Every structure is written in C-alpha cells, then in structure tokens.
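Q: Here is a sequence with its predicted model. Questions after.
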Amino acid sequence: MREVSFLTRMPIFFVLYYLNSENKKLLYFLTLFLYQLSSVFYVQEGMQMFFYGSVMSLLFKASVLILLCSFFKKNNTHAILIASLPFFVIYLYIIQFVISALVDSYFIWIMNALITSLIGGIGIINYLNNSSPKTFWLLISAILLLVQVGGLFIHKFYMYNMAIYQIVILAYTFSQFTFYRFMIFKDNEGLNNSTL
C-alpha cells in the first residue's frame, strides 16, 4: 500500500493541475516529474541513489525557481536576497553536520540550499508585499520545502526512524499541494509576468 501511495502522489497532482488550470505551464509539469524522480531515488538504499536523488531534487527546485522568477517583479530582488540569507545560513549549518556523509553530493546540496533559500525568500517577500490567498499558498509551500530538508537529513544520517520519514513525506506532499494551489490561483487569474 505504501508503494502505491508513493507512486501516485505526483501523477495525482499532474491530473489535478491539467484539469483545473486555465493557463497550463509546461514547466510545472516538469517540476512534478522531477520531484517524482527525486522521490524514487531517495527511497532506494545506497549513496549512489542518494546522489541521483540529490541531483533530481536540485533540478526540481531549480525549475520551481525559474517558474517563480517568471511571476515576480524584478524590483523585489534585493529584498528577496536579504530574506533568503537566514535560510541559507541555517541550511549551511545543517549541511555542516552531515558533511562527511554527503561525499559526492556536497556541492549539489550547497546549490540546493541556495535555491531553496531563494524560494523561501520569494515566498516571504511576496506574502509581505501582497498578502492574498495566492501568496499565502506560496509562503506555506516555501516554508515546508525549507523544513523537509532538516527532516530528510535527520532521517538519512542521524536517526533512521520511520516516524521522521513519514513527517518528511507529509511535508513534501503538503508542500506540493500548497504549491499546486498557488499555481491554480496564478494560472486562473490570467496575468502574465505580473506581480504575485
């Protein structure tokens, strides 16, 4: 049963987005696909699979960042960078704890930390500048993306505990749901390259 739910999460979001969006973004479909690939690799045993999962996770978050950059105003760049900095420092701190276990994926996780921090900064600044249901869903998604990495590292490198793993899965899934809600709000408002 666990494997079935694991393999159906992203296809469900795929179908929901296809059915509910009036202005479908192909890049969002790619993000869902990359997320599914990273999940498949992470669930496997071994550092090689963890490396592949890390690469797919980096590509997933990079595609989310590209998608978000097409939505926000460029004059928020400095504020977003400043808001991202605390997240990046926390990420570097977490990575420092597991640096010996990351081996080949160390650089990938530094880049992953940078991109995820930028996503968090975008979520915070856009919510502060324009609080609405749309930016609320983006903020929650960004926060959950930030939280799940800590849980993933604890589960993989400190304490192999299925309860922690379930929390990580729940955070990932709810993060995807909240980002899906943001995309539906954004797509259905019919604005292109405007403010969030």
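A: Received the coordinates, thanks.

Q: And the contacts of the helix or strand hosting I125?
A: Here I125 sits within helix 106-129, counting by DSSP states H and E. For helix 106-129, the surrounding residues in contact (Cβ atoms under 8 Å, 6 or more residues apart in numbering) are 51, 54-55, 57-58, 61-62, 64-65, 68, 72, 76, 79-85, 87-88, 91-92, 95, 99, 102, 135-136, 138-139, 141-143, 145-146, 149, 195-196. The C-beta positions use only the backbone N, C-alpha and C, and glycine is treated the same way.

Q: Of the residues you listed, just the buried ones, PyMOL syntax please.
A: Of the contacts of helix 106-129, the buried ones go into a single PyMOL selection, burial set by 16 or more other Cβ atoms under 10 Å:
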select buried, resi 51+54+55+57+58+61+62+64+65+68+72+76+79+80+83+84+87+88+91+95+102+135+136+138+139+141+142+143+145+146+149+196
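
Q: which ones among the contacts of helix 106-129 are found in helices?
A: If you go by DSSP state H, the contacts of helix 106-129 have 51, 54-55, 57-58, 61-62, 64-65, 68, 79-85, 87-88, 91-92, 95, 99, 102, 135-136, 138-139, 141-143, 145-146, 149 in helices.

Q: Got the phi and psi for Q44?
A: phi -80, psi 160 (degrees, to the nearest 10).

Q: so who does it touch?
A: Taking Cβ under 8 Å, 6+ apart as the contact definition, Q44 lies against G53.

Q: and the gap between it and E22?
A: 38 Å (Cβ to Cβ, to the nearest Å).

Q: dump the residue contacts of W137.
A: With Cβ under 8 Å, 6+ apart, W137 has these contacts: 178-179, 181-182, 185.

Q: Select from these the one having the most neighbours.
A: F179 (27 neighbours; other Cβ atoms under 10 Å).

Q: Report the spatially nearest residue to that residue, omitting neighbours in sequence.
A: In space, and not counting its chain neighbours, F179 is closest to S141: 4.0 Å by Cβ to Cβ, 6 or more residues apart in numbering.

Q: Which per-residue confidence value corresponds to the one you found?
A: The pLDDT attached to S141 in the predicted structure is 92.

Q: Nearest to the middle of this protein, which residue? Look it up for me.
A: L145 (4.5 Å; Cα atoms, centre = their mean).

Q: Surely it and K61 touch.
A: Yes: L145 lies in contact with K61 (Cβ atoms under 8 Å); the separation is 7.4 Å.

Q: This completes my enquiry, with thanks.
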